[in-house]
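predicted model, plus sequence, below.
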There are 2 protein chains.
Amino acid sequence: MNPPNKDKLKIDFRIWIFNNGEKLFGKGRVELLEKINKSGSIANAAKEMNMSYRQAWQMVNEMNKRSNHPLVEKQLGGKNGGGAILTQAGKSAINKFNELEKRINAVIVEETKKLEL
Amino acid sequence: MNPPNKDKLKIDFRIWIFNNGEKLFGKGRVELLEKINKSGSIANAAKEMNMSYRQAWQMVNEMNKRSNHPLVEKQLGGKNGGGAILTQAGKSAINKFNELEKRINAVIVEETKKLEL
DNA sequence: TATCGTTATTCACAATAAAGCATATCGGAA
DNA sequence: TTCCGATATGCTTTATTGTGAATAACGATA
């Protein structure tokens, strides 16, 4: 009567990219980059992600330091007090990461179908 | 002169299996099951993994409750004070998880080769 | 040159997670 | 019946992490 419990089993995954052994980014950081790109500032992005500005700033700073090319250019002062925009490398990184995640996800979906404990 | 930084980039990943939306296990818990299987007790396994008995016990308890079939059978009292052994379902789960991880890893290795930021 | 909103940074405090300690319970074997 | 070592569980203490407030620096623009 009871079919195998395939339907209730689910595989979840998470990926991170490291550069020289240091964590460059994972899902959360990429999402932060996306929000910075859309909103034009770290502060706004932090608000949207419901995280403290402090944490967001730390993440951005770390990413910039650990990446071979800076991902976010920060402008201090100016018309509206400044802001932050993504470099080409930053935008590119988002795409690369998302595509990578998509490919892994496709495999996970396949494996989930096969799964049975 | 500087070749693309492929060599320094590394992808790391982690998978978890959920049952009915509750985390059943990931790498750490499977490792714990393996050590219990070899050592014959939760206490020994915990020592080997350098974690507190308390934490190990909690993990085992959670896994047993969340899995459709118990994975670890715990014997209380007795000759040597008792111990814990894996059920067939427990041993099977270890194999399934490790194979799954291996398959994902193969994909990750491929993707890492393609990776370039 | 005064203003404004953002980046940049420090620090104390809160919230959460993990570790450690103590102790009760169990049951085969001596 | 007593002993032993492992399971079982509550409680306290310690570590780790995150948050919030406060403040300085900045520079295009009005």
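That came through fine. Numbering: from 1, shown residues only, chains lettered A, B, ... in the order given.

give me every residue that touches A:Leu24.
A:16-18, A:63, A:66-67 (C-beta atoms under 8 Å, 6 or more residues apart in numbering or on different chains). Every residue, glycine included, has its C-beta placed from N, CA and C.

check it and give its pLDDT.
At A:Leu24, the model reports a pLDDT of 92.

and it, what element?
With the criterion set as DSSP states H and E, the secondary-structure element containing A:Leu24 is strand A:22-25.

specify which member of the contacts of A:Leu24 is nearest to DNA strand C.
Proximity of those to DNA strand C, judged by C-beta to the nearest atom of the strand, is greatest for A:Met63, which lies at 11.4 Å.

residue contacts, A:Val30?
A:93-94, A:97-98.

of those, which are in range of DNA strand C?
By C-beta under 7 Å from any atom of the strand, no member of the contacts of A:Val30 lies near DNA strand C.

so among those, which ones count as buried?
A:93-94, A:97 (16 or more other C-beta atoms under 10 Å in any protein chain shown).

so which of these reach chain B?
With C-beta under 8 Å from any C-beta of the partner chain as the criterion, the buried ones among the contacts of A:Val30 include A:Ala93 near chain B.

sorry, back to before: can you put the contacts of A:Leu24 in JSON lines and add pLDDT?
Formatted as JSON lines, these follow (pLDDT from 0 to 100):
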{"residue": "A:Trp16", "pLDDT": "94"}
{"residue": "A:Ile17", "pLDDT": "94"}
{"residue": "A:Phe18", "pLDDT": "92"}
{"residue": "A:Met63", "pLDDT": "93"}
{"residue": "A:Arg66", "pLDDT": "91"}
{"residue": "A:Ser67", "pLDDT": "92"}
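
reformat those as TSV; add secondary structure, neighbour count and distance to DNA strand C.
Formatted as TSV, the contacts of A:Leu24 follow (DSSP: H, G, I helix; E, B strand; the rest coil; neighbours: other C-beta atoms under 10 Å in any protein chain shown; distance: C-beta to the nearest atom of the strand, whole Å):
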residue	secondary structure	neighbour count	distance to DNA strand C
A:Trp16	strand	16	18
A:Ile17	strand	22	22
A:Phe18	strand	16	22
A:Met63	helix	22	11
A:Arg66	helix	16	15
A:Ser67	coil	21	15
